[in-house]
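Engineer: sequence plus the predicted model coming up.
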Amino acid sequence: MRPEAIAAAGIERVVVAAEGERASRLAGLVREGFGQGVEVVACEQLAEALVALESPTAADAVLLDLGPEGGEGLGRLERLCEQSLETAIVVVSEWGDENTALAALAAGAQDFLEAGTADGAVLAKALRYASERTRIERELEHRAMYDPLTGLPNRSLFEDRLRGAIARSGRSGEPFAVLFADVNRFKLINDTLGHGVGDALLCEVAGRLKSALRPADTVARYGGDEFGFVLEGVEGAGGARRLADRVAEAVSSELLELAGRELSVEIAIGLVLGDGTSDPETVVRDADVAMYRAKAKGEAVTLFDSSMQASASERFEIEQGLRRAIDEGRLSLVYQPLINLDGGAMYGVEALLRWNDPVLGSVAPASFIPIAEELRLIEPIGRWVLHAACEQLASWRSRGLGSDLMLNVNVSPVELGSPEIVDWVAKEIDRWGIRPGQLCLEITESVLVAGITDGEQRLRELRELGARIAIDDFGTGYSSLDAIARFPYDYAKLDRGMIADLASDARRRRFLRGIRALATTLGVTPVAEGVETAEEADALRVLGCGLVQGYLFSRPVPPAEIEGMLARKDRPGLFTRPAPKPAQAAGASSHSRIVV
Ligand code: C2E
Ligand code: MG
Ligand code: MG
């Protein structure tokens with residue numbers, strides 16, 4: 001490469017700003033220094049140079065002559081710097097005094113040269129270095145303010161913009177909105193499909209979020225899978241909510257194709273309105289609280305109100321209490337019978353976790369399991385559940401009770417994400433001599449949605465150990481039919497949502513008949529959960545869904561009660577048929593239970 005070419009690298013256009021004929025003389029030197037390929041524009045007036053620099057990409061560097069006035073010409077430099085922040089500026093002056101040079105650098109120039117000593121080559125070199133330094137400075141600034149993965153503003157720029165919005169709102173009296181959005185099930189996807197897929201998902205979500213906003217809005221990556229928004233000019237809570245709905249819709253409206261899979265992605269958004277009196281930290285905290293509330297309620301957007309603060313501290317208490325509960329052995333299991341409607345006997349029991357905290361009282365699994373999953377406490381908890389439930393089954397069996405009973409244990413999809421689960425199950429099966437088919441692991445439908453490659457393999461390994469697999473809450477998630485057909489499992493537990501009102505709703509019965517047929521095709525046994533009325537049980541029997549579970553037969557009860565039922569050989573599933581019409585059997589109770 002020729003020396004001129006090296007000197008010109010990265011520079012395409014230079015603006016020379018000087019008074020009168022000095023402009024063309026300096027421009028000539030610069031042209032000579034760079035050689036061909038660099039356009040040099042000579043401007044005899046500052047105003048002319050400012051016009052030439054109007055677009056930020058109009059020049060790669062500016063050579064500004066302070067002229068005979070020396071330090072007096074610094075005002076021109078300031079005006080130039082104000083207008084073209086992105087452009088490197090090199091100053092030349094007849095007066096090479098130190099003070100003027102320092103003042104020029106302080107005002108924003110990249111370099112200062114004495115006109116008399118600078119020939120074309122020196123000028124070109126200075127301009128190129130200055131342009132390179134400016135580019136690097138901009139890049140460093142960008143790195144400090146933007147998230148490298150998604151290219152969105154980072155937390156620090158978000159906080160800047162938030163402070164700006166508060167100040168502007170103080171002047172205009174107009175409210176602004178802050179949104180906090182978090183990707184639902186991100187942890188599950190990241191842990192199971194790998195961080196590469198997790199990163200790609202975040203980039204795709206970032207693009208969708210940006211596409212839903214107006215040019216002046218800010219969306220930033222606040223951290224992890226959390227995004228923060230500052231929206232001004234929102235027309236009150238109603239307008240802010242409409243914008244937030246649009247953002248949520250932009251993310252979830254289309255399936256996302258990643259690593260050869262189609263994933264449905266949703267976000268939960270917390271929304272808070274702020275004004276000139278808002279404190280940035282409080283706004284962020286409130287938006288975060290509202291976002292957790294949105295998640296807990298399964299809503300896309302939740303507007304903050306002050307009553308929510310209490311539940312955030314509740315969450316913290318659950319976190320703390322749960323850690324203590326594991327250490328202090330405050331977890332216990334109750335068991336709910338699974339009933340075979342054909343004959344009415346107990347087919348199995350589902351172990352359900354209970355936590356009785358000395359301070360919080362009895363905490364429902366629906367409140368603490370998601371927190372345990374998030375904190376990864378679900379693994380020690382899950383191991384304890386499996387161990388304690390298998391021990392219980394072995395203890396019943398040693399007393400001649402429930403030798404054919406199936407034991408159902410719930411396993412979180414987060415636990416399934418770790419390969420150790422197979423060893424753990426194998427160990428418990430061995431330790432307690434559990435026979436093939438006696439242990440059934442229930443995993444929620446989300447395991448199919450996330451499309452966990454290893455998960456599918458893991459289910460196969462668990463089945464090879466002799467365990468059965470049940471897909472819990474079947475029909476409540478977003479699984480594709482492909483996943484439903486491909487995954488290896490033995491039971492489909494139909495959620496109460498599909499069972500309720502079965503007796504009075506013909507369409508639902510037709511739907512369930514279809515599900516029954518689908519299950520038969522797949523070689524899967526349906527189990528109806530949450531059966532509460534005799535009418536529902538009868539409709540299920542007619543539909544051929546013979547395995548049922550629900551308050552109608554028994555609530556989840558302590559082990560001693562199950563023992564009693566087993567010892568008495570109770571058949572909780574024996575019911576009368578729906579009563580004949582009153583004219584035929586006056587006085588008969590329609591749903592009385594046959595006591596055996
Ligand atoms: P699940 O596995 O679908 O369990 C069924 C839930 O429905 C239980 O709630 C049960 O008490 C309730 N239920 C049973 N019959 C009826 C009925 O007739 N009507 C109504 N409305 N509800 C009924 P529970 O015990 O509160 O557990 C809630 C969820 O927490 C479970 O849903 C399961 O997903 C999770 N869970 C419970 N124990 C464990 C555990 O040991 N490990 C894991 N990972 N999750 C667990
Ligand atoms: Mg279950
Ligand atoms: Mg269920």
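Structural biologist: Received it, and whenever you're ready, just let me know what you need. Ligands and ions are numbered 1, 2, ... in the order given.

Engineer: which one's the longest helix in this protein?
Structural biologist: What stands out as the longest helix in the chain, according to DSSP state H, is helix 120-145.

Engineer: helix or strand right after it?
Structural biologist: helix 155-172 (DSSP states H and E).

Engineer: could I get the buried residue list for that next one?
Structural biologist: Of the residues in helix 155-172, R155, L157, F158, E159, D160, R161, L162, A165, I166, S169 count as buried by neighbour count, 16 or more other CB atoms under 10 Å. For the C-beta atoms, the positions are set from N, CA and C on the backbone; glycine is no exception.

Engineer: show me where pLDDT drops low in this protein?
Structural biologist: 1-9, 55-57, 68-72, 84-85, 310-312, 446-453, 477-479, 575-596 (pLDDT under 70).

Engineer: near ligand 1, which residues of it show up?
Structural biologist: Applying CB under 6 Å from any ligand atom, we find that the chain lies next to ligand 1 at 336, 352-353, 364-366, 369, 382, 385, 410-412, 442, 472-473, 496, 529-532, 550-551, 556.

Engineer: buried subset of those as a PyMOL selection?
Structural biologist: Burial among the residues of the chain next to ligand 1 is assessed by 16+ other CB under 10 Å; the matching PyMOL selection reads:
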select buried, resi 336+352+353+369+382+385+410+411+412+442+472+473+496+529+530+531+550+556
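
Engineer: who in the stretch 301-450 of the chain is up against ligand 2?
Structural biologist: N410, E442 (CB under 5 Å from the ion).

Engineer: let's see it at 8 Å
Structural biologist: Taking CB under 8 Å from the ion as the contact definition, the stretch 301-450 of the chain meets ligand 2 at E350, L352, N408, N410, E442, T444.

Engineer: OK, contacts around the closest residue to the second one other than its chain neighbours?
Structural biologist: Nearest residue to L352, sequence neighbours excluded (CB to CB, 6 or more residues apart in numbering): P556, at 4.7 Å. The contact partners of P556, taken as CB atoms under 8 Å, 6 or more residues apart in numbering, are V334, Y335, Q336, E350, L352.

Engineer: within the sheet, what are the partner strands of the longest strand along the chain, with directions?
Structural biologist: Determined from DSSP state E, the single longest strand within the chain is strand 346-357. According to DSSP bridges, strand 346-357 has the following sheet partners: strand 331-340 (antiparallel), strand 361-363 (antiparallel), strand 406-411 (parallel).

Engineer: for it, C-alpha coordinates in PDB please.
Structural biologist: The C-alpha trace of strand 346-357 is given here as PDB (Å, rounded to 0.1, in the frame of the first residue of the first chain):
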ATOM      1  CA  MET A 346     -58.000 -46.300  44.600                       C
ATOM      2  CA  TYR A 347     -55.700 -46.600  41.600                       C
ATOM      3  CA  GLY A 348     -52.900 -44.400  43.000                       C
ATOM      4  CA  VAL A 349     -52.100 -41.300  45.100                       C
ATOM      5  CA  GLU A 350     -50.600 -38.000  44.100                       C
ATOM      6  CA  ALA A 351     -48.100 -36.600  46.600                       C
ATOM      7  CA  LEU A 352     -48.700 -32.800  47.100                       C
ATOM      8  CA  LEU A 353     -46.300 -30.600  48.900                       C
ATOM      9  CA  ARG A 354     -47.300 -28.600  52.000                       C
ATOM     10  CA  TRP A 355     -45.400 -25.900  53.800                       C
ATOM     11  CA  ASN A 356     -46.400 -24.800  57.200                       C
ATOM     12  CA  ASP A 357     -44.400 -21.800  58.300                       C
END
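
Engineer: which element is Q36 on?
Structural biologist: Q36 belongs to no helix or strand, assigned by DSSP H and E.

Engineer: could you do the one 5 residues further on as well?
Structural biologist: When secondary structure is defined using DSSP H and E, the element that contains V41 is strand 39-43.

Engineer: by contact count, what packs against that strand?
Structural biologist: strand 13-17, helix 21-34, helix 46-52 (3 or more CB pairs under 8 Å, 6 or more residues apart in numbering; DSSP states H and E).

Engineer: show residues contacting that strand.
Structural biologist: By CB under 8 Å, 6+ apart, strand 39-43 touches 12-18, 23-24, 26-27, 30-31, 34, 49, 52, 59.

Engineer: that strand pairs with which strands, and in what direction?
Structural biologist: strand 13-17 (parallel).

Engineer: okay, the angle between the partner strand and helix 21-34?
Structural biologist: 150 degrees (axes from the mean of the first three to the mean of the last three CA atoms, to 10 degrees).

Engineer: now strand 13-17 - C-alpha only, CSV.
Structural biologist: Only the C-alpha atoms of strand 13-17 are listed here, as CSV (Å, rounded to 0.1, in the frame of the first residue of the first chain):
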residue,chain,number,x,y,z
ARG,A,13,-14.3,13.9,3.2
VAL,A,14,-12.5,16.8,5.0
VAL,A,15,-13.9,20.2,5.5
VAL,A,16,-11.4,23.1,5.8
ALA,A,17,-12.7,26.2,7.5
